[in-house]
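Undergrad: Predicted structure and sequence below. I'll ask about it afterward.
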Amino acid sequence: QVQLVESGGGLVQAGGSLRLSCAASGRTFNTYAMAWFRSISGKEREFVAAIASSAGTTYYADSVKGRFTITRDNAKNTVYLQMNSLKPEDTAVYYCAAHPLIGTRPIEYDYWGQGTQVTVSS
């Protein structure tokens with residue numbers, strides 16, 4: 001069982017930056033791939049970024065490539081999402097998720113956090 005808790009959301013102006021964190025419980029964090037998804041206005045969750053357990057592989061959605069960076073610190077059981085050059089269309093609830101293998105579809109992930117709201121004003 002893995003429990004995930006996101007933090008770092010908030011209100012920011014367009015062009016600004018935020019860093020989301022996702023803290024995981026348990027001693028097996030380093031065996032899980034981690035991902036960030038987002039839900040805009042309660043719609044289906046869409047993929048944002050993912051990182052393999054060893055951090056050797058990362059995937060990004062085209063809409064965030066070059067602006068967002070996913071990293072992880074296995075010693076701290078934490079995954080991060082650095083978001084730069086934020087746009088109003090990035091406004092969403094952001095969720096972190098865990099699964100043994102890296103993927104880009106929500107159905108592939110077993111464990112989810114409760115989400116953190118990011119609002120980007122124009």
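TA: On my side now, so go ahead. Only a predicted model underlies this, so the values are computations on that prediction, with no experimental measurement involved.
Undergrad: Contacts only, for the nearest residue to residue 116 once chain neighbours are set aside.
TA: Closest residue in space to residue 116, ignoring its immediate chain neighbours: residue 9 at 3.4 Å, by CB to CB, 6 or more residues apart in numbering. C-beta coordinates here come from the backbone N, C-alpha and C atoms, glycine included. Shown in contact with residue 9 (CB atoms under 8 Å, 6 or more residues apart in numbering): 18, 20, 94, 116-118.
Undergrad: Then residue 5?
TA: Residue 5 makes contacts with 22-23, 113-114, as judged by CB under 8 Å, 6+ apart.
Undergrad: and the gap between it and residue 12?
TA: According to CB to CB, to the nearest Å, residue 5 and residue 12 sit 21 Å apart.
Undergrad: Can you turn the buried subset of the contacts of residue 5 into a selection I can paste into PyMOL?
TA: In PyMOL syntax, the buried subset of the contacts of residue 5 is picked out as below (16 or more other CB atoms under 10 Å):
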select buried, resi 22+23+113
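Undergrad: I'd like the contacts of residue 9 laid out as CSV, including pLDDT.
TA: Converted to CSV, those look like this (pLDDT from 0 to 100):
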residue, pLDDT
18, 98
20, 98
94, 98
116, 97
117, 98
118, 98
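Undergrad: of these, buried ones?
TA: Among those, those buried by neighbour count (16+ other CB under 10 Å) are 18, 20, 94, 116, 118.
Undergrad: Can you tell me the element the second one falls in?
TA: The secondary structure element spanning residue 20 is strand 18-24 (assigned by DSSP states H and E).
Undergrad: rewinding a little: tell me the pLDDT at the residue nearest to residue 116?
TA: Here, the pLDDT recorded for residue 9 equals 97.
Undergrad: now swap in residue 54 and tell me
TA: pLDDT recorded at residue 54 is 88.
Undergrad: same question, residue 72
TA: Reported pLDDT at residue 72 in the predicted model: 97.
Undergrad: Report the separation between the residue nearest to residue 116 and residue 19.
TA: 10 Å.
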